[in-house]
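>>> Sequence and predicted structure below; questions after.
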Amino acid sequence: MNFRQPPLRVASIATLAVIVATSGCSGQAQTVAAPPPEVAVVTVHHGSVPVTTELPGRTSAYLVAQVRARVDGIVQQRAFEEGADVTANQRLYQIDPAPYRAALDSAQAQLTRARANVESTRAQAQRDAVLVAGNAVSKQAYINSVAAERQAAADVAAGLAAVQTAAINLGYTDVVSPISGRIGTSLVTQGAYVQASAATLMATIQQTDPIYVDLNQTSVEGLQLRQQVASGRLKLNGPDQAKVRLVLEDGTEYVHSGTLQFTDITVDPGTGSVTVRAIFPNPEGVLLPGAFVRARIDQGTDDRAVLVPQDGVTHDRTGQATVLVVHADNKVALQTVGATRTLGTNWVVESGLNDGDRVIVAGIQKVQPGMLVHATAARPQPGPPPGVAQTASAK
């Protein structure tokens, strides 16, 4: 028998051996490790970061004067335009002065009579003084004449007071503005009857340049501020004054900055807040009394805080702020930080980061803690927020 393999079968086995050998080499090539993912980082540094507080509040007029009737009478004239600016002592209304002018004339006539009477009684007292010395009149007659003279002098004083009162009442018929400001709607018209006993309200004047802004701050925020200042962590920008900026109802920032006037020392038991009053210039009349605003108060600076771009800060399920830090060995670590507020496009981190730490701001989705990464410097931000002495820089 012939046991030799056919030539075709031997060639097939050789081809199969070559394929197996080639497959083995391909498997070894696929085990080559992939390069580490690339991330963008910023290197943070401690710097002076302004401490600002944003509080809600409402505007209120600097001065408010209610114009009320001080005498009874008919309004004869209104001498102003509603909504116009008025000056102090400018005439606003004219109340019928006729009865008060007559009362003044009567008082003056009574004063003239009293003065004439005092001259007569004085002459009588002087004459009786001579006669009583010679026992020509009794002492009682002399005493009576002296008393009559004094009574006449008192009548003169009463007459002077009556004239002054009548003159004051006559002056009240000319209703003038007590302050300079803008007058509102007239609450009485020509021909209306006003009364002094009811203190009829005629109009209201408000001075709005400057203007007050009354803000509400929680007692907890006030306590934290005082503690940080006492510990030296915060430095005030000036002697007991802080600059205040306003954000209007439409979201725009008011062009003029204001200053704090005072902080109330009493906590409202219903709301747990205290009132903080600021004053602002208002030459253009943009701010009107009663408007809702938000105020940003520059309370000081924090010299130990760092700024981290918002893209680099995340929050876990409990709400705690975290960042991913690249250590010197290029490995990623999860770091818990204290970030409670923002400044511009950055988070203000008060704890958890050291000077020179590299924080990942791009490529966070591709990495996990413990992974090896290739870190590159992130592009710098467009610019630091206003008032920041030193911001986080990218290296």
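Nice, thanks for sending it over.
>>> which residues sit in contact with Asp329?
If you count contacts by CB atoms under 8 Å, 6 or more residues apart in numbering, Asp329 has them with Leu372. (Glycine included, C-beta is placed from N, CA and C.)
>>> Geometrically speaking, which residue is the centre of this structure?
Val213 (4.3 Å; CA atoms, centre = their mean).
>>> Quick check: bridge partners of that one?
Val213 has these beta-bridge partners by DSSP bridges: Thr59, Ala278.
>>> Renumber starting at 19 from here on
Okay, using 19 as the starting number, the last item reads as Val231.
>>> so how far is Gly308 from it?
Val231 sits 11 Å away from Gly308, going by CB to CB, to the nearest Å.
>>> do Gln242 as well
Gln242 is 30 Å from Gly308, by CB to CB.
>>> neighbour-wise, which of the two wins?
A direct count of neighbours by other CB atoms under 10 Å for Gln242 and Gly308 places Gln242 higher, at 13 against 9.
>>> any common contacting residues for Val231 and Gly308?
Contacts common to Val231 and Gly308, judged by CB under 8 Å, 6+ apart, are 76-78.
>>> Now the longest helix along the chain: buried residues?
Identified as the longest helix of the chain according to DSSP state H is helix 116-151. Residues of helix 116-151 classed as buried by neighbour count (16 or more other CB atoms under 10 Å): 118, 121-122, 125-126, 128-129, 132, 135-136, 139-140, 142-143, 146, 150.
>>> quick one: which of the residues you listed is nearest to Arg295?
Nearest to Arg295 among these, counting by CB to CB, is Tyr118 at 42.0 Å.
>>> how far away is that closest one from Val89?
In this view, Tyr118 and Val89 are 7 Å apart by CB to CB.
>>> Quickly list what's touching both of these two.
By CB under 8 Å, 6+ apart, the residues touching both Tyr118 and Val89 are 187, 190-191.
>>> Could you provide the residues you listed in a markdown table, with additional columns for neighbour count, pLDDT and distance to Glu99?
Shown next, in a markdown table, are those (neighbours: other CB atoms under 10 Å; pLDDT from 0 to 100; distance: CB to CB, whole Å):
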| residue | neighbour count | pLDDT | distance to Glu99 |
| --- | --- | --- | --- |
| Asn187 | 20 | 96 | 28 |
| Tyr190 | 18 | 96 | 23 |
| Thr191 | 22 | 96 | 21 |
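>>> okay, these in JSON lines with distance to Gly370 next?
Formatted as JSON lines, these follow (distance: CB to CB, whole Å):
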{"residue": "Asn187", "distance to Gly370": "75"}
{"residue": "Tyr190", "distance to Gly370": "71"}
{"residue": "Thr191", "distance to Gly370": "74"}
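>>> among the residues you listed, which are in helices?
187, 190.
>>> ok, the shared contacts of Tyr118 and Val89 vs Asp334, which is closest?
Nearest member of those to Asp334, counting by CB to CB, is Tyr190, at 72.3 Å.
>>> Identify the residues contacting the closest one.
By CB under 8 Å, 6+ apart, Tyr190 lies in contact with 88-89, 113, 118, 214.
>>> which residue sits closest to Gln95, ignoring its sequence neighbours?
Spatial nearest neighbour of Gln95, chain neighbours left out: Gln112 (4.0 Å); criterion: CB to CB, 6 or more residues apart in numbering.
>>> ok so, going back, among the shared contacts of Val231 and Gly308, name the buried ones.
Here, 16+ other CB under 10 Å leaves 77-78 buried among the shared contacts of Val231 and Gly308.
>>> Next, format the shared contacts of Val231 and Gly308 as a markdown table and append distance to Val265 and pLDDT.
As requested, the shared contacts of Val231 and Gly308 are exported to a markdown table (distance: CB to CB, whole Å; pLDDT from 0 to 100):
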| residue | distance to Val265 | pLDDT |
| --- | --- | --- |
| Arg76 | 13 | 93 |
| Thr77 | 13 | 94 |
| Ser78 | 17 | 94 |
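>>> Same list, the shared contacts of Val231 and Gly308, but as TSV with distance to Val304 please.
Listed next are these as TSV, based on distance: CB to CB, whole Å:
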residue	distance to Val304
Arg76	15
Thr77	10
Ser78	15
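>>> Give the burial count for Phe310, as a bare number.
10.
>>> Let me see the contact set for the nearest residue to Gln94 once chain neighbours are set aside.
Spatial nearest neighbour of Gln94, excluding adjacent residues (CB to CB, 6+ apart): Gln112 at 4.8 Å. By CB under 8 Å, 6+ apart, the contact set of Gln112 is 93-95, 97, 191-193.
>>> Cheers, nothing more for now.
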